[in-house]
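# next input, structure requested:
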Amino acid sequence: MDMLPGILLLLGLTSLSRAHYSGSSRDALNLAKIESELVEIWNSHRRHTRKLSATLDEVITQSTETGVRSGFHNNRKLSLSDVSKDHEMALLYNGSLTDYWNHPIRLFKLVRRLENKPWPQLRAALQKRSAIDIFDELSEFHKSHLPGSKEVEKAAFVIMRINEVYDIPIKQLADGTVADESGTESLSADDLYHVALAAQDREFYHKEIQWLKEALRKQMIEDELDEATIDIKILYDYLQYSYLQNGQNKEGIYYASLLLNIDPNNERAAINIEFAKNNPNMKNYSISEPSLGHRLYRLGCQGHPDYYKQVSNRVRRYQICRYNNKNSNPRLILKPLKEELVHPEPTPITIYHDLLNDREIETIKELVANKMKASLLAVQSELAHGGAEDVRSRSGKLAWLHDSDGDILPGISQRTEDASELDTSRSELYQVLDYGIGGHYELHWDFYLEGEGLGAAYDIWGNRLATFLFYMNDVKAGGATVFPKLGIRSIPRKGSAILWYNLLRNGERDYQTMHGGCPVLLGSKWVINKWFRTYGQELHRPCGTKNDTMTHRLDTVR
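This next block holds a predicted model:
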């Protein structure tokens, strides 16, 4: 079947392939495997060479003296036994390895452990001592796989997003409990400090304060046990700054004073106290209220009862479940579609169950294994924490597939065509997406707006008439698709698909179809998008005479 060329869709949407640990379940699992192999290399050489074992211990000791900003306290060594224990627990986990490592706290700590330390120090020390064999092994890993500070920041922002969208208390996240799943290591005071840094980088000072306060609580507990992971002076310093930036001068002065008590020569604290006293009414940062859509988006992601209450006055609850052979379609007589209508015309939304089988799903994953690229679709998005900011509205990795890319794809296209009763030859390529922890898609419409500069592709193919979204796996927690204006919340179920029309029958854009993909809370989320274009579908979805037309006939079950 001839489909809209992928090159027209790829422009501006993807970057060169690279690891995307906080947005791709596959990359997260690969990173865990890398650490496991690094530890094995390390332990294997320790067992065979006593002299080298002493060198390794020396390197680890040196790496812990790089300062608290680096994440290592100078009285606390990195414990390889703790790291090894984490990987042993993964093997005993009641679930897949992908689900184990795609946990926001585990993944954050994994990325931090491998953030260019202590492996570079080890490499340097081994090179000086002519331990070429182990150096070469570690050098290969470090060359292209280990994460940097940007990946730590992304992993920290995932934790922030989860806290905000799902309203999970910071203390609960700090203790390592997510969606009632505990048993993972808690966040240290230094871990919490790095989450706060991610908030500061985006000038979310009200959020930074919350994370710093929890870091302070943890630091005091650690200090009593002589296991502090960060100097309390750093926390006081950042608290005074964030409070002043947030216009809370009284609190800013309080923490600046605490800092001066233990560091009398701290010039910044003295200057800040003087400045705050001379500018009592100054406020540098304000929090704007999120829109109704974003408030409903958060409630929908949570599955909160208020999500349905707030839309009940505008939306008629509607659900029809049935077997449908689409007017005795020969391919569907013996095996009719399992159809669930969840919203009526003029904005029909339908869920089809068991549309993909396990073999097809695994084959598709294999087909895209070497094609996945980071999604860089960015928009001006109003986040729930307030304010408009240029952010990545979608996180994850994607690939495109044509029917000719695999033997199973023409059959899936025929099934898609039978269910939608639309012409797949007038559709875009299959878009396969891997969403890891925190993977999401902000509220958006699938249709193109006026003035988006779509050029020849739009003129030839038209707008996006309909979306067919396949779910390739069950998501352990999170990852729902929500339509805030309609009160619809679709939970990913392996092999199911959801179909909706982006345009009304008269061809106008249906703004009620605003939707978003909720952040993945635990595990992973794989989906396939198929977008149908308008031109060539005139006989398949006839035009109506008005916006709220109900001319779409519900086929009789046969």
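
# every contact and neighbour count from this point should use C-alpha atoms.
Will do.

# center of the chain - which residue?
Using C-alpha atoms, centre = their mean, the residue of the chain that lies closest to the mean C-alpha position is residue 439, 1.9 Å off.

# surely that residue is within a helix?
No. Under DSSP: H, G, I helix; E, B strand; the rest coil, residue 439 falls outside any helix and is assigned coil.

# wait, it touches residue 102, no?
No. Counting by C-alpha atoms under 8 Å, no contact exists between residue 439 and residue 102, whose distance comes to 10.6 Å.

# output the below-cut-off pLDDT ranges for the stretch 351-500 of the chain.
Applying pLDDT under 70 to the stretch 351-500 of the chain picks out residues 376-394, 451-455.

# repeat that for the stretch 51-200 of the chain.
Counting by pLDDT under 70, the stretch 51-200 of the chain has low-confidence residues at 51-82, 116-145, 182-184.

# and the helices in it?
Under the criterion DSSP state H, counting those that start in this stretch, the stretch 51-200 of the chain contains helices at 80-92, 97-101, 104-113, 119-128, 132-144, 149-165, 170-174, 189-201.

# what angle separates the last one from helix 104-113?
Computed with axes from the mean of the first three to the mean of the last three C-alpha atoms, to 10 degrees, the direction of helix 189-201 lies at 90 degrees from that of helix 104-113.

# same check, this time on the first one
Here helix 80-92 points in a direction 140 degrees away from that of helix 104-113 (the same axes, to 10 degrees).

# what comes up buried for helix 80-92?
By 16 or more other C-alpha atoms under 10 Å, the buried positions in helix 80-92 come out as 86-87, 90.

# closest to residue 450 out of those residues?
Minimum separation from residue 450 among the buried residues of helix 80-92 (C-alpha to C-alpha) is found for residue 90, which lies at 49.5 Å.

# I'd say the closest one and residue 102 touch.
No. Between residue 90 and residue 102 no contact is recorded; they are 11.1 Å apart, counting by C-alpha under 8 Å.

# could you say which helix or strand contains residue 28?
Here residue 28 sits within helix 25-48, counting by DSSP states H and E.

# and for residue 400?
strand 397-401.

# name the strands paired with that strand and say parallel or antiparallel.
Sheet neighbours of strand 397-401, with direction, are listed as strand 373-374 (antiparallel), strand 430-435 (antiparallel) (DSSP bridges).

# export the ones you listed to CSV and tack on distance to residue 304?
Supplementary listing: those in CSV, determined by distance: least, C-alpha to C-alpha, whole Å:
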stretch, distance to residue 304
strand 373-374, 31
strand 430-435, 23
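
# make CSV out of those and add mean neighbour count.
Listed next are those as CSV, based on neighbours: other C-alpha atoms under 10 Å:
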stretch, mean neighbour count
strand 373-374, 23
strand 430-435, 24
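
# to residue 156, which of these lies closest?
Scanning these with C-alpha to C-alpha as the criterion, the closest one proves to be strand 430-435, at 16.5 Å.

# which other helices and strands contact the helix or strand that the closest one is followed by?
As assigned by DSSP H and E, the chain's next helix or strand after strand 430-435 is strand 441-444. Applying 3 or more C-alpha pairs under 8 Å, 6 or more residues apart in numbering; DSSP states H and E, we find strand 441-444 packed against strand 515-517.

# which residues does whichever helix or strand comes after the strand it packs on contact?
Reading on from strand 515-517 to the C-terminus, the next helix or strand found by DSSP H and E is strand 520-522. The contact list for strand 520-522 (C-alpha atoms under 8 Å, 6 or more residues apart in numbering) reads 99, 102-104, 162, 178-179, 435-440, 475-479.

# can you check stretch 533-544 too?
Applying C-alpha under 8 Å, 6+ apart, the external contacts of stretch 533-544 come out as 421-423, 426-428, 460-466, 505-507, 551.
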